[in-house]
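A.B. asks: What follows is a predicted structure for the sequence shown.
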Amino acid sequence: MNLIQSIFVLIAVLMSKSGAEKVMYAQVGDTVTFRAPERNPSPKYYIYWNFDAEGHSTPLAWLNYLGGKQIIPSEPWQISWTLPGDSLTITNIQEENFGTFVFKLTVDDVVVITTKYELVKLSVSMTPDSPLLPGDILSLACIVSQKKPTIQWLNPRGAVKNNQGTISTKATNEDNGQWTCVVTDDKQTHNTSINVKVVDLSPAPLRQYTSTYSPLTVLCSIPSDISWKQIKEKDIQEVQWHFLPEPSSKPISDDQQRLFSLSLEDPLTWKVDQNRGLIPVPDLAKGNLSLTRDQGKEDDRGSYMCTLKFKNGVTLKRTVHVEVLQIISSPKELISGQRVNLSCTTSGPLPSDVHFKWFPPEKSSLQRSSHHPAHLTIPEVSAGDGGRWRCELWQGDILLTWAMTVLKIEPKLSVWMLVIICSAAVILILLLILTFILCRRRQQRTRHLRPRLCRCKNPKPKGFYRT
């Protein structure tokens, strides 16, 4: 039995990894997990975790083959086991926790594995504090104590900015997001991120579509991670909505209409400058500046401009172009067998990924399809083509808006048309007869009232006299 144990111990010693060292980086307040090295199954093993600093070793935790384990309480450590395995986790790293952590595995009091983890302090900072306005100087620093590894900054798009660990640049909208400090030491890489906020309006579609059958919402908002308090601290001056109708032949300054202006006093309230039937959405306190209406109108077509102006001259603007979808029928009054042209149009060019879907009446000769052209021609309409025609505007799998029209198609010669024609002919004949009678009576009356003259003889003088 002792021989077998001795053989296990010899094998473990021959396969041991003694003196291995790993470098790890962390900031104050971080959580670090020290992964225990792989080990072979061994009888009667003991594992010890210690912290070495300034020539003094502090025991942190231990466990053994009998299932016993213990975390030795010690300030300012906040330690926990990481299961499964023998790894150790230190939460809320403090200044006193930077140093060398030692993992030690013994079998029958023989040290088999010793691994050292050097925890190095990493400091990542940004000045000034977020959020920033476009044009503000953004300064980032990534500093490592003791060692001199390679340090690089990656911007939110993943582009390398420098390899010195410090950055000073004018903030732009593209700088908004996660910046990553990449520390490389002996082919080991450690990433630490910091969130940079640059004040801007949330992304919104450049074009929005509506119709007289669907609602309209013109989007404009402040990102949810930026509060009104932070916006006010940046000395905001005004928030306004403007509208420029299309088409317009006048200069922008003459035709531009101010719709709303925001009172920045608490509570925040909108002031109406020109009422076009649009109303602000009710989430103003959450940074939502959008305008809405239950149903669009034809005169909604135009450009809507949402602007935020700050006292330092910075202006944030979102311009949304609103297109109104409508169906045009030519001609509008139809008779069976007549040619008709139907157009589904927004009066402006459409992106390449936008397409139409027509939904004709069930008995129409036009078959339903997933894609249709904007313009349809029916050479000879029939009674089945009469009814509701619906046109939908799609972008990929997203329905943007829809419009509808009703076609009324009369038969070529219906009973009602015969009645109308006969009635019109009878009325015309009666009018002609009535006109003839009236003319005859007028002539007779005129002839009756005409004075009668005669030529008299002696004894009267010569001349004409009334009889």
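C.D. replies: That came in fine, so what should we check first? The shown structure was predicted, so the numbers you read here are calculated from the model rather than taken from an experiment.
A.B. asks: F260: what's it in contact with?
C.D. replies: By CB atoms under 8 Å, 6 or more residues apart in numbering, F260 lies in contact with Q240, W241, W270, K271, V272, D273, P280, L291. Backbone N, C-alpha and C define where each C-beta goes, glycine included.
A.B. asks: Repeat the analysis, applying 10 Å as the threshold.
C.D. replies: 239-243, 270-275, 278-280, 289, 291, 306 (CB atoms under 10 Å, 6 or more residues apart in numbering).
A.B. asks: Which among those residues count as buried?
C.D. replies: Buried subset of these (neighbour count, 16 or more other CB atoms under 10 Å): V239, Q240, W241, H242, F243, W270, L278, P280, L289, L291, C306.
A.B. asks: so where do the helices sit in the protein?
C.D. replies: 2-14, 228-233, 252-255, 415-448 (DSSP state H).
A.B. asks: ok, and for stretch 383-396, which residues are buried?
C.D. replies: Buried residues in stretch 383-396 (16+ other CB under 10 Å): D385, G386, W389, R390, C391, E392, L393, W394.
A.B. asks: quick one: which of the residues you listed is nearest S57?
C.D. replies: W394 (70.0 Å; CB to CB).
A.B. asks: burial measure for the residue lying closest to the closest one once chain neighbours are set aside, as a count.
C.D. replies: By the measure of CB to CB, 6 or more residues apart in numbering, the closest residue to W394 outside its immediate chain neighbours is H355, 5.6 Å from it. Applying other CB atoms under 10 Å, we find 17 residues neighbouring H355.
A.B. asks: try S214
C.D. replies: So S214, with other CB under 10 Å, has 19 neighbours.
A.B. asks: wait, what's in contact with it?
C.D. replies: D294, Q295, G296, V324, L325, E392, L393, L399, L400, T401, W402, A403.
A.B. asks: Can you check the pLDDT for it?
C.D. replies: In this model, S214 is scored at 91, pLDDT.
A.B. asks: For it, name its beta-bridge partners.
C.D. replies: S211 (DSSP bridges).
A.B. asks: Can you give me the distance of it to E392?
C.D. replies: Using CB to CB, to the nearest Å, we find S214 at a distance of 10 Å from E392.
A.B. asks: what touches both of these two?
C.D. replies: L325, L399, L400, T401, W402, A403.
A.B. asks: What is the burial count for the first one?
C.D. replies: Residues contacting L325 under the criterion other CB under 10 Å number 23.
A.B. asks: ok, it - contacts?
C.D. replies: Contacts of L325 by CB under 10 Å, 6+ apart are 209-214, 296, 344-347, 356, 391-393, 400-403.
A.B. asks: from the residues you listed, which would you call buried?
C.D. replies: In the contacts of L325, burial by neighbour count holds for 209-212, 214, 296, 344-346, 356, 391-393, 400-403, counting by 16+ other CB under 10 Å.
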